[in-house]
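1. The following comprises the amino acid sequence and a computationally predicted model.
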Amino acid sequence: SSEISRKADVDAHNTTKATTTNKSKINQSEESATGSGETTTTPIATPKRGKCDIYFAPSTIPGAGMGMFAGDRAFSKGEFLADGDLIIPSYDMTWHVGHQNYHFLWEEYTWKASSFEGMKEEVEHVKNVKACSPGFGSAVNCNLPLVNVKDNFESRTVSMSGVNGSVSPGAGAFTIYHGRRWKAKMDIPAGMELYGNYGSGYFRSRPEYGPVPFIANYKIVDKLLTKYRRIITIYGFKPDLIAPDWRLGLLDLLQNMTAIWDDSRTMNAIPQTKDLSAIDWLLENGRGSGFQHYNTSIRSVEWLRENGRCMTNIYDGISRIPHAGRGAFASTFIAKGEIVAPAPLIHIPNRDVFTLYAEKISNVEKTKGNVAKNIVPDHSRPIHQQLLLNYCFGHRESSLLLCPYGLLTSHINHDGKNPNTRIQWAQDEHMAYPEWREQSIDSWGSQEKAGLSFDFVALRDIEPHEEITIDYGHEWSIAWQNHVKYFRKPQNYTPAFELNERIDMVLPTKDELHFESVGVRLFCHEDHLRWAGVLHIIEKNMKEAKEEDWHENPVFPCRIIHRTKSQSSGQSYVVEIFERAKRKSYDWDGRSKWFPMNQEVFLVVAFDLPREVFYFADEVYQRPHHRPWSFRHDMRIPDDIFPEAWKNRKMKRSQYKYTR
Ligand SMILES: C[S@@+](CC[C@H](N)C(=O)[O-])C[C@H]1O[C@@H](n2cnc3c(N)ncnc32)[C@H](O)[C@@H]1O
């Protein structure tokens, strides 16, 4: 979909020119394409030992690096392929860093935050929120005509993952957005490469990929090839009776046009095969030229076992470690020394880009008596770090951060005493640039391609359903222990999405707790106000447009003035209903929109309202991960595998005092 703004190293030119079709595999596709077609929501089955659902292995797209493949099994259309990914928001990076010119490879792996429903409250007023999703979506390649997996919007969730958002020192230290799952868009045979849809806009905005053909271009080529067939059968001959030389000569003519129109997307969609029967196959049964790489996109399962790394040895769940949020669990027995999961790495050459600063007012300009105030970052007052820091590996003597992606590797938690897994460098052939480890960060840090990879490897035998843990390092442990020791419960703050779940909770009146003062705003649903018989008064008196909840139902700001308990209906509330004045401004996408201001205008009092009338929304910048009290620390790369060449912050260990 066009929401997507991430990259893979798709070498379009090579892709379209280097691959040929092969009949036997096309047949295979035909069989699977006649499958059920029904939509299932069955969770992934626990793989048997030695079997793997999804492999990470060299892509079949030339120049595209690694790719994901259906493993020892086929997937039916509609089936979920793996467990849910995390989505980690990053905020206002350009504003905080103070200039545009920083290298942030994550940007190639991010989605617009507005496409994640739960982030709406954060993005409406927040410019430049990026949704970083280190899982499936970051690892999967795109081959537009063969897209076979799709993002499942319904499974995305916002929650504290079993941690109490009001009191836990873990609040804000991990992401509340998760459950981004992927479904098979068509029947996928075992061994086939998985392709997500980055959208044509992605390729259009990246000239470095060259003229990647879009679906429309394949359609034009299909027409061209159909004409070609008609020419050679025009006198009623069967194609087989026509001299192959003649057929081939005409095909050559078509294909050689690329010499003239080399940068045309359509020319690049012409199959370059010299196998005439393959062209016939493409034109039959509605496949079309977009299928020209179908066969080469399927690898043998034996080859994948030999050359790939399994991505589905782990599944997602709520961690057994207190305050940790989600975790990764073994879906099969994993023997000591085996790879638990592969983790390609996004590099950030300078961790300072994660620093968040306090605001200050500057550039007070007087123009005809007007005073223009500019809010800018105060670079002398760092106040917090981006949440992404907690999902990256670093080292005390280096500015570098390496953030793992791949399936569920960002879920893996810390155990300093008895971890069952450790990180190690992947084999050289699994990394695009293993040589970076011998080179200073300055020489490769700004490269806009992921080039390194860790393997998570079992330190001992791991039983199915055991939680996977690594040692984040001594410095992380000390920092966490200090955080827990000095953590004070934030004043009465409970995230709005948790309050909405607590339907039995007796709510305080405005005299007992002023919700806004703790970062939450209270609303009343329109439906209940209609039932309470006050909606017509509201609508008569109001001047502004209605506000909406996440699901776009109308809501009104409200305050509880009195609580009563009746025998029949339990707890009920007397409530003041307001509307908020709006001002016109621009949203994150540059579109003009009406934003509510804090001034409230009283509309009516409603009586006898039940708990269900209320809807809580977090105020912008108030969710746990925005709070300066939330824990931040990178996971640490062990000294024995950290390259000397990357030590650009050489200081004595004692000078660091376990700081970030
Ligand atoms: C790489 S993430 C791991 C996934 C994370 N649990 C989640 O739900 O998104 C690292 C974060 O997990 C949490 N975490 C990991 N191990 C922990 C532990 N042993 N105790 C408490 N929190 C932990 C911390 O919030 C840490 O910053």
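-> Done, it's in.
2. tell me which parts of the stretch 251-400 of the chain are close to the ligand?
-> Contacts of the stretch 251-400 of the chain with the ligand, taken as C-beta under 6 Å from any ligand atom, map to Ser319, Ile321, His323, Ala324, Gly325, Arg326, Gly327, Asn390, Tyr391. Just so you know, the C-beta spots here come from the backbone N, C-alpha and C atoms, and that holds for glycine as well.
3. Let's see that with 5 Å instead.
-> Neighbours of the ligand within the stretch 251-400 of the chain, by C-beta under 5 Å from any ligand atom: Ile321, His323, Ala324, Gly325, Arg326, Asn390, Tyr391.
4. Filter the residues you listed down to just the buried residues.
-> His323, Ala324, Gly325, Arg326, Asn390, Tyr391 (16 or more other C-beta atoms under 10 Å).
5. ok, the residue nearest to the first one when sequence neighbours are not counted to Ser133 distance?
-> Right, the one you point to is His323. Residue nearest to His323 in three dimensions, not counting chain neighbours: Gly170, with 3.1 Å by C-beta to C-beta, 6 or more residues apart in numbering. According to C-beta to C-beta, to the nearest Å, Gly170 and Ser133 sit 21 Å apart.
6. One more: His536?
-> 45 Å.
7. same check, this time on Gln439
-> Distance, Gln439 to Ser133, using C-beta to C-beta: 29 Å.
8. before we move on, what about Thr332?
-> Note on Thr332: its distance to Ser133, by C-beta to C-beta, is 25 Å.
9. One more: Ser300?
-> Taking C-beta to C-beta, one finds Ser300 at 30 Å from Ser133.
10. Look at those two and report which has more neighbours.
-> Set Ser300 next to Ser133 and count neighbours by other C-beta atoms under 10 Å: Ser133 wins out with 24 against 10.
11. What strand or helix carries the residue lying closest to the more buried one once chain neighbours are set aside?
-> Nearest residue to Ser133, sequence neighbours excluded (C-beta to C-beta, 6+ apart): Ile87, at 4.8 Å. Assigning secondary structure by DSSP states H and E places Ile87 in strand 85-90.
12. Quick check: which ranges of this structure have low pLDDT?
-> 1-48, 114, 123-127, 234-244, 363-372, 566-569, 586-591, 651-660 (pLDDT under 70).
13. In it, which helix is the longest?
-> As assigned by DSSP state H, the longest helix anywhere in the chain is helix 215-232.
14. Could you list the buried residues of the next helix or strand along the chain from it?
-> Using DSSP H and E, the helix or strand that follows helix 215-232 towards the C-terminus is helix 244-256. Residues of helix 244-256 classed as buried by neighbour count (16+ other C-beta under 10 Å): Arg247, Leu251, Leu254, Gln255.
15. can you check stretch 453-467 too?
-> For stretch 453-467, by 16+ other C-beta under 10 Å, it's Ser453, Phe454, Asp455, Phe456, Val457, Ala458, Leu459, Ile462, Glu467.
16. Over to stretch 485-499?
-> In stretch 485-499, counting by 16+ other C-beta under 10 Å, buried: Phe487, Pro490, Tyr493, Thr494, Pro495, Ala496, Phe497, Glu498, Leu499.
17. Could you give the separation of that stretch from the chain centroid?
-> Stretch 485-499 sits 26 Å away from the centroid of its parent chain (C-alpha atoms, centre = their mean, to the nearest Å).
18. So what touches it?
-> 118, 121, 158-160, 165-167, 169, 171, 176, 505, 513, 517-521, 616-618, 622-624, 627, 629 (C-beta atoms under 8 Å, 6 or more residues apart in numbering).
19. restrict the residues you listed to contacts with the ligand.
-> Of the contacts of stretch 485-499, not one also sits near the ligand (C-beta under 5 Å from any ligand atom).
20. buried subset of these?
-> Applying 16+ other C-beta under 10 Å to those flags 118, 121, 158-160, 165-166, 169, 171, 176, 513, 519-521, 616-618, 622-624, 629 as buried.
21. List just the nearest of the buried residues of stretch 453-467 to the ligand.
-> Closest approach to the ligand among the buried residues of stretch 453-467 (C-beta to the nearest ligand atom): Glu467, at 10.0 Å.
22. Pick out the residue in this structure sitting closest to the ligand.
-> Counting by C-beta to the nearest ligand atom, the chain gets nearest the ligand through Gly325, at 2.8 Å.
23. Distance from the chain centre to the helix or strand encompassing Trp480, please.
-> Per DSSP H and E: Trp480 is located in helix 474-486. Centre-to-centre, helix 474-486 and its host chain are 29 Å apart (C-alpha atoms, centre = their mean).
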